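Visitor: fold the following for me, if possible:
(2 chains)
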There are 2 protein chains.
Amino acid sequence: MAKGNQKKVEDITAMDVDFSKWYTDVVKKAALMDYGSVKGSMILQPYGFAIWENMRNDLDKRFKKTGVENVYMPMLIPESLLQKEKDHVAGFAPEVAWVTVGGNETLQERLCIRPTSETLFCEHFAKVIQSYRDLPKVYNQWCSVMRWEKTTRPFLRSSEFLWQEGHTMHETKEEAMERTIQMYQVYADFFKETLAIPVVGGQKTESEKFAGAEATYTIEAMMHNGYALQSGTSHYFGDGFAKSFDITFTGRDNKLQYPHQTSWGVSTRMIGAVIMVHGDDNGLVLPPRIAPTQVVIVPVAQHKPGVLDKCRELLSSLTDNFRVKLDDSDNSPGWKYSQYEMLGVPIRLEMGPRDIENGQCVLVRRDTGEKIPASLDTLNETIAALLDTIHENMYQNACKNLEEKTFEATTLEEFTEIANNKGGFIKAMWCGDEACEEKIKDITNGVKSRCIPFEEDKLSDVCVCCGKPAKHMLYWGRQY
Amino acid sequence: MAKGNQKKVEDITAMDVDFSKWYTDVVKKAALMDYGSVKGSMILQPYGFAIWENMRNDLDKRFKKTGVENVYMPMLIPESLLQKEKDHVAGFAPEVAWVTVGGNETLQERLCIRPTSETLFCEHFAKVIQSYRDLPKVYNQWCSVMRWEKTTRPFLRSSEFLWQEGHTMHETKEEAMERTIQMYQVYADFFKETLAIPVVGGQKTESEKFAGAEATYTIEAMMHNGYALQSGTSHYFGDGFAKSFDITFTGRDNKLQYPHQTSWGVSTRMIGAVIMVHGDDNGLVLPPRIAPTQVVIVPVAQHKPGVLDKCRELLSSLTDNFRVKLDDSDNSPGWKYSQYEMLGVPIRLEMGPRDIENGQCVLVRRDTGEKIPASLDTLNETIAALLDTIHENMYQNACKNLEEKTFEATTLEEFTEIANNKGGFIKAMWCGDEACEEKIKDITNGVKSRCIPFEEDKLSDVCVCCGKPAKHMLYWGRQY
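Guide: The predicted structure is shown next:
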């Protein structure tokens, strides 16, 4: 690490000292977000929003490839509409914001700001679905939602956040289930291929599933501090909402029937995952495919004749292929080095008089700190390959961290020992009884079931908690 | 027009019979939007949203080229914050929705859903601007806003709509004024180059400017029925908001001073402009650069061997360059012809057994109905050129319509005669007195000043209304 780096590092609390403080230091220093004056509200600043935009654009393409169409639903839900599906309203009503006055008049009926939009989509589906020919409907919207939270943490918990919510209707149960799993897989692929984050995935238990769903599938990522982050969910609803909202269609058999429904979503919470999976004591480390700046050009001895000209030339030769930036400000190279390290820019390109003489520049990797001399003749190809290498290396590091933080327990003693001293994911057998989930949560002070993976190991025959015959292997963990 | 077209046309009221009904018929038939259950709320359906997405992506690129950074501000504004700038609150307070309950608690202070976000941006600017080095701030957000409207009309007036709002802060008045005009020009260019719509542009009079602005610039488009549509505005705020929100910075002279501010926005209202400028009695006519489908392939005699295969081959050979769709459904070619005409798809590509034999297809233009045989060998080039030709022709037609609907009046009798019998824009001289604007509005039952153009003609020496010396030439017109 170069000398110039020292200063910045002092501003960020070391991860090992206080992980929570490290996290908020990074968020603040990189100017990703700020709080608004309403408690729990979030301002996405330019750098944070640019990360979100890159995530959104990538995901949106993946969605559209599977036939998703974007729409926009209203943000206000009448109280009577929210109440139509009883599990759903029980899950959300306690945490919504209510509009009671419009213009200068008190409203006849309260309207809540959407905490999620199942009810609005269902109301619309009831109008536009009549025949099997109108199916499937595969809709998505990018919007903000509101959940009246008392505690807040940047990107992980706030009263308003940005997300996408997909809502689909299908002719058959099989097709809906296929779509549920398909979108789960789109998320898992996106995490691996774009965010360089491996996930543990599977089905939520009954007590952890979404309010109103028959089945919820989740992707769970492992943070540096051993906490799990639920990062995306895909729900199969069956025809429960359809019955509550009276959505019917005439089938191929000419009989009236209920369609089968899914919903699925990811949010700005993913930014939190990226920070806590990849970041280090110098700040952000951004995966190249979502980094707002992929390459920053830092001139060395920029007052010397020709240096800035050559840097500008480089900038324009790279700008078609990469998100590239030239910092020709008066700040010292040392200041710039630590600044762009803190911002997690994947590649720093250094260029000085001697480099120009030699027809080369120096590429410095954010993930490893490695310095690589590179010929200017083939720079576009070199950078493209290096960005892929950085992505792959970041993914492998994250995999290693996930592995090191995944444990197995066959007894309650082992389980609590790991939970209290190691953190991370704990794989353990489970009888299927909610009481055991409750008990484990109590004695570990918060470890909850994460998911039943698609492929379960058989660690033993009996539940880690009660000793009764085991039904499933569960991933467990402390969560954000 | 082919025979098959007849059916669809019957479903759309002819423009000349009832323009308002024609408009809502087209919106409904093309499934662009629907109303939600809350009065005045709007559901953007897939086809309508896809048009919006194409507009947004194009504009966003234009913004970013000028240095704009996207952010996201919270949707709720505390009442005390809304009240900080007195002209602003007077303009908006009567038409906002108020949140009074969060979770299960009555809030200490009411929060309104943003009708626009000047106040939120100003609160944030006050925190992040300290020195001239922090300037300029050139921010924008894409979001939905809420204005509690009693009357609604698809895309033109609804209680919630989508838009973008740019908010910028500058060191000097000159720089802020330059940005105000720059964004006005970005809008005017976008209308011409992307929407194929010519606009009349200029400055709003005092009585028509934005609540809190020192100067408002507007682009105004001319609809088929002679109504003007205010389609985008750019505001210069001076330092009024900065003073109210105590936003200061240390200047190059080391003295504390107020920055100079702008804001600018366009909304889903632009979809209304596209419908009413380009549409005809068969439905939508979409400008190629925002059409969700630019080319629809309609197989002729699709049951004959080889036809569908060849159409699929065509689809994949065009799909990299264009937004293209193949309709291989069981519907008749005639039904398909009128369906895609109604949807305003710029080019219909017909392909049958004889075409395949001849190594060609037939391209049918939506704007003129012209049928053009095209060789398959150079189809990508032919279509690219034809889409440009269609754009240019649509723009020229819109210019012609604008010209034909622009009149001059030098006496009040002429003015009212045109206002009552012809509609369109009326160019007339004005003394600068608000009373004359009021009087003209009264006697014409609603004709208002649109703008003072950047280049004014001198039609006479005196105000068209009161006969006193004229200060400006104004565009006037009935508005949506």
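Visitor: give the contact list for the residue positioned nearest the centre of chain A.
Guide: When C-alpha atoms, centre = their mean is applied to chain A, the residue found nearest the centroid is A:M270 (2.1 Å). The contact partners of A:M270, by C-beta atoms under 8 Å, 6 or more residues apart in numbering or on different chains, come to A:M55, A:L195, A:S231, A:G232. No exception for glycine: its C-beta is placed from N, CA and C like everyone else's.
Visitor: which among the residues you listed gets closest to A:R153?
Guide: A:S231 (14.9 Å; C-beta to C-beta).
Visitor: quick check, the closest one in a strand?
Guide: Yes - counting by DSSP: H, G, I helix; E, B strand; the rest coil, A:S231 is found in a strand.
Visitor: how far away is it from chain B?
Guide: Distance check for A:S231 against chain B: by C-beta to the nearest C-beta, to the nearest Å, it reads 20 Å.
Visitor: local confidence estimate at that residue?
Guide: Note on A:S231: pLDDT of 97.
Visitor: likewise A:G91?
Guide: 84.
Visitor: for it, which non-adjacent residue is closest in space?
Guide: Distances taken as C-beta to C-beta, 6 or more residues apart in numbering or on different chains place A:A211 nearest to A:G91, at 2.5 Å, with adjacent residues excluded.
Visitor: quick check: closest non-adjacent residue to A:R157.
Guide: A:E149 (5.5 Å).
Visitor: re the thing from before, pretty sure the residue nearest to the centre of chain A is in a helix, no?
Guide: Yes - the assignment for A:M270 is a helix, going by three-state DSSP.
Visitor: quick one: it and chain B, what's the gap?
Guide: 15 Å.
Visitor: got the buried residues for the strand or helix carrying A:Y187?
Guide: Using DSSP states H and E, A:Y187 sits in helix A:173-193. Applying a neighbour-count criterion of 16 or more other C-beta atoms under 10 Å in any protein chain shown, one finds A:175-177, A:179-180, A:183-184, A:186-188, A:190-192 buried in helix A:173-193.
Visitor: in JSON lines: those, plus distance to B:I426 and pLDDT.
Guide: Output for the buried residues of helix A:173-193, formatted as JSON lines (distance: C-beta to C-beta, whole Å; pLDDT from 0 to 100):
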{"residue": "A:E175", "distance to B:I426": "58", "pLDDT": "98"}
{"residue": "A:A176", "distance to B:I426": "58", "pLDDT": "98"}
{"residue": "A:M177", "distance to B:I426": "63", "pLDDT": "98"}
{"residue": "A:R179", "distance to B:I426": "56", "pLDDT": "98"}
{"residue": "A:T180", "distance to B:I426": "59", "pLDDT": "98"}
{"residue": "A:M183", "distance to B:I426": "55", "pLDDT": "98"}
{"residue": "A:Y184", "distance to B:I426": "60", "pLDDT": "98"}
{"residue": "A:V186", "distance to B:I426": "55", "pLDDT": "98"}
{"residue": "A:Y187", "distance to B:I426": "57", "pLDDT": "98"}
{"residue": "A:A188", "distance to B:I426": "62", "pLDDT": "98"}
{"residue": "A:F190", "distance to B:I426": "55", "pLDDT": "98"}
{"residue": "A:F191", "distance to B:I426": "60", "pLDDT": "98"}
{"residue": "A:K192", "distance to B:I426": "62", "pLDDT": "98"}
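Visitor: how about a markdown table for these, with distance to B:I383 added?
Guide: As requested, those are exported to a markdown table (distance: C-beta to C-beta, whole Å):
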| residue | distance to B:I383 |
| --- | --- |
| A:E175 | 35 |
| A:A176 | 38 |
| A:M177 | 40 |
| A:R179 | 34 |
| A:T180 | 39 |
| A:M183 | 34 |
| A:Y184 | 38 |
| A:V186 | 31 |
| A:Y187 | 36 |
| A:A188 | 38 |
| A:F190 | 33 |
| A:F191 | 38 |
| A:K192 | 37 |
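Visitor: distance of A:I418 from chain B?
Guide: 36 Å.
Visitor: show me where chain A dips below the pLDDT cut-off.
Guide: Across chain A, the ranges flagged by pLDDT under 70 are A:1-10.
Visitor: cutoff 80 now
Guide: Along chain A, segments meeting pLDDT under 80 span A:1-10, A:150.
Visitor: sort out which residues of the helix ranked longest in it are buried, please.
Guide: Ordering each helix of chain A by length in residues (DSSP state H) puts helix A:379-404 first. For helix A:379-404, the neighbour count (16+ other C-beta under 10 Å) marks A:379, A:382-383, A:386-387, A:390-391, A:394-395, A:397-398, A:401-402 as buried.
Visitor: cool, and stretch A:345-360?
Guide: Judged by neighbour count (16+ other C-beta under 10 Å), stretch A:345-360 contains these buried residues: A:V345, A:P346, A:I347, A:R348, A:L349, A:E350, A:M351, A:G352, A:P353, A:D355, A:I356, A:Q360.
Visitor: assign the first one to helix, strand or coil.
Guide: Per three-state DSSP, the local secondary structure of A:V345 is coil.
Visitor: do A:A90 as well
Guide: Once three-state DSSP is applied, A:A90 turns out helix.
Visitor: contacts only, for the closest residue to it other than its chain neighbours.
Guide: If the residues on either side of it in the chain are set aside, A:A90 comes closest to A:A211, at 6.5 Å by C-beta to C-beta, 6+ apart. By C-beta under 8 Å, 6+ apart, the contact set of A:A211 is A:D87, A:H88, A:A90, A:G91, A:F92.
Visitor: narrow those to those that are buried.
Guide: By neighbour count, with 16+ other C-beta under 10 Å, the contacts of A:A211 hold A:H88, A:G91, A:F92 as buried.
Visitor: what's the closest of those residues to A:G201?
Guide: A:G91 (22.4 Å).
Visitor: how far away is the closest one from chain B?
Guide: Distance from A:G91 to chain B, by C-beta to the nearest C-beta: 14 Å.
Visitor: thought that residue was touching A:G212?
Guide: Yes - assessed by C-beta atoms under 8 Å, A:G91 is found in contact with A:G212 at 6.9 Å.
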